[in-house]
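Enquirer: I need the structure of the sequence given here:
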Amino acid sequence: MAMLARDGVNLYYEVHGEGPVILLTHGYSATSQMWRGQIEPLAKRYKLVIWDMRGHGRSDYPSDQSEYSEEKTVADMAALLDTVGAKQGIIGGLSLGGYMSLAFNATHPDRVKALLIIDTGPGYRKDEPREDWNKNALRTAERYEKEGLGQLSAASAERRTAQHRDASGLARAGRGMLTQKNARVIESLPGIKVPSLVIVGEKDTPFLAASDYMAAKIPGADKAVIPNAGHAANIDNPQAFNAALESFLKKLK
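Expert: Numbering: from 1, shown residues only. Have a look, this model is predicted:
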């Protein structure tokens, strides 16, 4: 457990085990603690790095809205790899963390050994659906400002169990990190050159089609559907999730 200083913003992270680096990024409104069920199996053969994105969990919640963006998050991920001495890593995440992992690959393809894309989507090619997504993200940010953390009690498992100091960071992250600017990520899919695993819970209805799309567009991608699992596939059915993950990882050179 440690803190990484990033231009005045301190980021909480944990390192477990030794071996090739796996960097896992949580979803929006969740924290690094959503990966507790993956620490023991992965730390046997890998150096697992989990962290709290800015505005989340035990990381700082900067008051400047400009401190929250896709670009800042991708740079944070690169800095975490630097901190643990890794030129490359197996990069993955759930939901927003999966989207940021794709964005990381689009920005730093030389630093990615493989991708783990979990219960997420690649963004939108067309402006209209992206604008609808952004409107929803802004409404979510406004609810956090008005209602605080109360709405998390009815959320999916990775968010329901998350601990945050207050909702201010989540509101700013909603505006700056959950919103999307362009089609860069979705357009990057056919050019991905590393082994990739797309995972989705069988009951995660909003992300089933997106998972099919990514598995079809990413060259040579593997896909795993986790039974009896919703959006938090790794928490809802950890045994099946971990088995799918380890089966994929064993194939990597």
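Enquirer: can you pull out the strands in this structure?
Expert: For the chain, the strands defined by DSSP state E cover 2-6, 9-16, 21-25, 47-51, 89-94, 112-118, 196-201, 222-226.
Enquirer: and those strands as CSV, adding distance to K181 and mean pLDDT?
Expert: For the C-beta atoms, the positions are set from N, CA and C on the backbone; glycine is no exception. Putting the strands of the chain into CSV (distance: least, CB to CB, whole Å; pLDDT from 0 to 100) gives the following:
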stretch, distance to K181, mean pLDDT
strand 2-6, 21, 95
strand 9-16, 21, 98
strand 21-25, 19, 98
strand 47-51, 23, 98
strand 89-94, 19, 98
strand 112-118, 20, 98
strand 196-201, 23, 98
strand 222-226, 28, 98
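Enquirer: now for those strands, which one comes closest to S32?
Expert: Closest of these to S32 is strand 47-51, at 4.0 Å (criterion: CB to CB).
Enquirer: Mind listing the strands that closest one pairs with, and their directions?
Expert: strand 9-16 (antiparallel), strand 21-25 (parallel) (DSSP bridges).
Enquirer: residues near the residue nearest to R130 when sequence neighbours are not counted, how many?
Expert: In this structure, R130 finds its nearest non-sequential neighbour in Y124, 3.9 Å apart by CB to CB, 6 or more residues apart in numbering. For Y124, the number of neighbouring residues by other CB atoms under 10 Å comes to 18.
Enquirer: Quick check, Y124 in contact with K181.
Expert: No - using CB atoms under 8 Å, Y124 is not in contact with K181; the gap is 10.8 Å.
Enquirer: Give me the common contacts of those two.
Expert: Residues touching both Y124 and K181 (CB atoms under 8 Å, 6 or more residues apart in numbering): there are none.
Enquirer: how about the nearest residue to L178, chain neighbours excluded?
Expert: Here the nearest residue to L178 in space, its sequence neighbours aside, is A137; by CB to CB, 6+ apart that works out to 4.1 Å.
Enquirer: is it true that the one you found touches G176?
Expert: No - A137 is beyond contact range of G176, at 9.6 Å (criterion: CB under 8 Å).
Enquirer: hmm, back to that, roughly how far apart are the residue nearest to R130 and Y46?
Expert: According to CB to CB, to the nearest Å, Y124 and Y46 sit 33 Å apart.
Enquirer: before we move on, the earlier item: ok, and which of the strands paired with strand 47-51 has the densest surroundings?
Expert: Ranked by mean neighbour count, those are led by strand 21-25 with a mean of 26 (mean count of other CB atoms under 10 Å).
Enquirer: Pull the distance from that strand to the chain's centre.
Expert: Distance of strand 21-25 from the chain centroid (CA atoms, centre = their mean, to the nearest Å) equals 9 Å.
Enquirer: what angle sits between it and strand 112-118?
Expert: Using axes from the mean of the first three to the mean of the last three CA atoms, to 10 degrees, the inter-axis angle of strand 21-25 relative to strand 112-118 is 30 degrees.
Enquirer: what's the angle from strand 21-25 to strand 89-94?
Expert: 20 degrees.
Enquirer: and the longest helix for this protein?
Expert: The longest helix of the chain (DSSP state H) is helix 127-147.
Enquirer: Name the residues of that helix that come out as buried.
Expert: Neighbour counts over helix 127-147 (16 or more other CB atoms under 10 Å) mark R130, W133, N134, A137, T140, A141, R143, Y144 as buried.
Enquirer: in the stretch 101-250 of the chain, which spans are helices?
Expert: With helices called from DSSP state H, counting those that start in this stretch, the stretch 101-250 of the chain shows them at 127-147, 157-160, 168-173, 184-188, 208-217, 233-236, 238-250.
Enquirer: Just list what the second one packs against, helices and strands only.
Expert: Going back to what we said before, that points to helix 157-160. The helices and strands touching helix 157-160, judged by 3 or more CB pairs under 8 Å, 6 or more residues apart in numbering; DSSP states H and E, are helix 233-236.
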